[in-house]
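**Student:** Have a look at this prediction, sequence included:
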Amino acid sequence: MKPSHRLFALLLLASSSIFAGEIRTKDEAIKLATGAIHKYRLTTLKDECGLIDAIEKPLYFEILVRERHTQDCGGTPETGPRLFSVRVRKHDGRLTSDVYDGTNYKPLDHAPVRIK
């Protein structure tokens, strides 16, 4: 195999191993999304001050990340503002999020962005 072909094969293997494989349940999607939230430091909230909910769509799971307002976390108890969402594609576990600008979903491989 030529050196350029080896490099291409290595890059292809590396990029395909980033994703988790087929995601079948909400629990799997939540686990994958929370791992990425921690890895990329997408929020500075303590775990106990955040809420995560999963909505199953035909092609992906939508993971909604909200603030949890309690006496220890602060905020108005009747509210739980949405911070951002993470989409977990079912057939390969690819993660995208609107954390970067609140509107457009981009791959979760960018530099950390911290939201409260």
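**Tutor:** Thanks, I have the structure now. Residues are numbered from 1 along each chain as shown.
**Student:** List the contacts of residue 34.
**Tutor:** Counting by CB atoms under 8 Å, 6 or more residues apart in numbering, residue 34 makes contact with residue 52. All C-beta spots, glycine's among them, are computed from the backbone N, C-alpha and C.
**Student:** any idea how far it lies from residue 40?
**Tutor:** 11 Å (CB to CB, to the nearest Å).
**Student:** Show me the shaky parts of the chain.
**Tutor:** Counting by pLDDT under 70, the chain has low-confidence residues at 1-20, 110-116.
**Student:** repeat that with 50
**Tutor:** Along the chain, segments meeting pLDDT under 50 span 1-19, 111-116.
**Student:** Would you map the helices across it?
**Tutor:** With DSSP state H, the ranges of helices along the chain come out as 3-17, 26-39.
**Student:** okay, the shortest one in PDB with CA atoms only?
**Tutor:** These are the backbone C-alpha positions of helix 26-39, laid out as PDB (Å, rounded to 0.1, in the frame of the first residue of the first chain):
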ATOM      1  CA  LYS A  26     -32.900   7.100  25.000                       C
ATOM      2  CA  ASP A  27     -30.500   5.900  27.800                       C
ATOM      3  CA  GLU A  28     -27.700   5.300  25.400                       C
ATOM      4  CA  ALA A  29     -28.200   8.700  23.800                       C
ATOM      5  CA  ILE A  30     -28.300  10.400  27.200                       C
ATOM      6  CA  LYS A  31     -25.100   8.600  28.200                       C
ATOM      7  CA  LEU A  32     -23.300   9.600  25.000                       C
ATOM      8  CA  ALA A  33     -24.500  13.200  25.200                       C
ATOM      9  CA  THR A  34     -23.600  13.700  28.900                       C
ATOM     10  CA  GLY A  35     -20.100  12.300  28.100                       C
ATOM     11  CA  ALA A  36     -19.700  14.900  25.400                       C
ATOM     12  CA  ILE A  37     -21.100  17.700  27.600                       C
ATOM     13  CA  HIS A  38     -18.400  16.900  30.200                       C
ATOM     14  CA  LYS A  39     -15.600  16.300  27.600                       C
END
